[in-house]
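Engineer: sequence and predicted structure are below.
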Amino acid sequence: MKPYLSVVIPVYCGVNTVQQVVEGVTRILTEAGIGFEIILVDDGSPDATWSVLHHVHRERPNLIKAIRLMRNFGQHNAIMCGLRHARGDYIITMDDDGQHPPEEIPKLLRAIEETGADVVYGVPRQRNHAPWRNLGSWIVVSFYKLVFRTRVTPSAFRIMRRQVVEAILSYDLNYTYIDGLLAWNTDRIAQIEVEHRPRKVGRSGYNFAKLFTLAMNLFTNFSLLPLQIVSASGIAVAFAGLVLGLYYFVQKIVGNIAVPGYASLIVAVLILGGLQLLALGIIGEYLGRIHLNINKQPQYTIRESLPSLSTSDNTISEANNSSSSLDTNNT
């Protein structure tokens, strides 16, 4: 029987947390009388996470699917894997660390049914992260709002209609970013406030460097803005150089400059050289993405699953696996 709701949970080093999350989701949705399934994707965890998922699946084989990837491909890639195996009319994604309360799932479901939105984000009233983590998240959110010109704040705790999920599953290129793909395909996106619990054990797989890299990937993969900024900077510097050149020409004619300045020459060379290197770096980022897309770097590769995938599922996975990766985006 097709479930009404699919819950996709990417898992990375979730030995001490994922079982409690699954139990909480199961309890809340069972009490609410909602037909559901849970899809757990082990994103190449180096610890005993797969053993825990094996045990969780054995306890509820009719409700839970567990998929193990061959290495760590990143949170968004793992989510894409889970989405491809989700069957529900609505699909929820949430973290494995217990910071997204299962009690908020019915609220998300009511919100998407009542608003008619294609996507509803559960935005924390207050983020219980370390300061550096909040700073990195702020950069990513700010870039997202700038690129997609929206006031919506994206979150890993989200609910989506099947129609929009089917639309983003056609994406099979590099640098997967779920929220960008959703914004590309629909403008019916809403948000509601939800609780955000403190992390009880372990630490986030994201650090500031990875979050900043994610923000830069968002910029270069979903927008031409960096190239436009470089072009505008080049025009501005060229114009400033022209004005400065005319100024010194006039000063030379009236006799105010006896000996040409060495400092101004060095400053001009450094500024222009820096802008040229910046432009080459940004162009190189775009060319690198084209190179990876041509080489078909895999989005993810499945090692094993519970229950075992059917032949058709394997065929779909292999066809879609010849695509993309965001290694810097750890779950």
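Structural biologist: Here it is on my side, so go on. Numbering: from 1, shown residues only.
Engineer: so, low pLDDT: which residues of the stretch 151-300 of the chain?
Structural biologist: Scanning the stretch 151-300 of the chain for pLDDT under 70 picks out 200-215, 219, 255-264, 266-267, 270, 292-293.
Engineer: I'd say Glu218 and Val147 touch.
Structural biologist: Slight slip there: residue 218 is Leu, not Glu. Yes. At 6.3 Å, Leu218 counts as touching Val147 under the criterion of Cβ atoms under 8 Å. Where you see a C-beta, it was placed from the backbone N, CA and C, and this is true even at glycine.
Engineer: okay, these two: which has more neighbours?
Structural biologist: Leu218 (22 against 18; other Cβ atoms under 10 Å).
Engineer: ok so that one is a helix residue?
Structural biologist: Yes. Judged by DSSP: H, G, I helix; E, B strand; the rest coil, Leu218 forms part of a helix.
Engineer: ok, back up a step: shared neighbours of Leu218 and Val147, anything?
Structural biologist: Gly180 (Cβ atoms under 8 Å, 6 or more residues apart in numbering).
Engineer: which secondary structure elements does the longest helix belonging to the chain contact?
Structural biologist: Longest helix in the chain by number of residues (criterion: DSSP state H): helix 262-295. Here helix 262-295 touches helix 208-222, helix 225-253, going by 3 or more Cβ pairs under 8 Å, 6 or more residues apart in numbering; DSSP states H and E.
Engineer: now find how far off-centre it is within its chain.
Structural biologist: 26 Å (Cα atoms, centre = their mean, to the nearest Å).
Engineer: report the secondary structure state of Ile192.
Structural biologist: Assigned by three-state DSSP, the conformation of Ile192 is strand.
Engineer: distance-wise, check it relative to Tyr286.
Structural biologist: For Ile192, the distance to Tyr286 (Cβ to Cβ, to the nearest Å) stands at 36 Å.
Engineer: wait, doesn't Ile67 sit right on His85?
Structural biologist: Yes. Between Ile67 and His85 there is a contact at 6.8 Å, judged by Cβ under 8 Å.
Engineer: compare neighbour counts for those two and give me the winner.
Structural biologist: Legend: neighbour count by other Cβ under 10 Å for Ile67 and His85, higher for Ile67 (26 against 19).
Engineer: looks to me like Val8 is in a strand.
Structural biologist: Yes. According to three-state DSSP, Val8 belongs to a strand.
Engineer: next helix or strand past whatever helix or strand Ile92 lives in?
Structural biologist: Element membership for Ile92, per DSSP states H and E: strand 90-93. Next helix or strand after strand 90-93 toward the C-terminus (DSSP H and E): helix 105-115.
Engineer: now that next one, how far from the centre of its chain.
Structural biologist: Relative to its parent chain, helix 105-115 has a centroid offset of 23 Å by Cα atoms, centre = their mean.
Engineer: tell me the phi and psi of Lys65?
Structural biologist: Torsion angles at Lys65 (phi, psi; degrees, to the nearest 10) stand at phi -110, psi 140.
Engineer: show me the contacts for the nearest residue to it once chain neighbours are set aside.
Structural biologist: Spatially, and ignoring its direct neighbours in sequence, Lys65 is nearest to Ile39 (4.7 Å; Cβ to Cβ, 6 or more residues apart in numbering). Going by Cβ under 8 Å, 6+ apart, Ile39 touches Ser6, Val7, Val8, Ile9, Ile64, Lys65, Ile67, Gly82, His85, Ala86.
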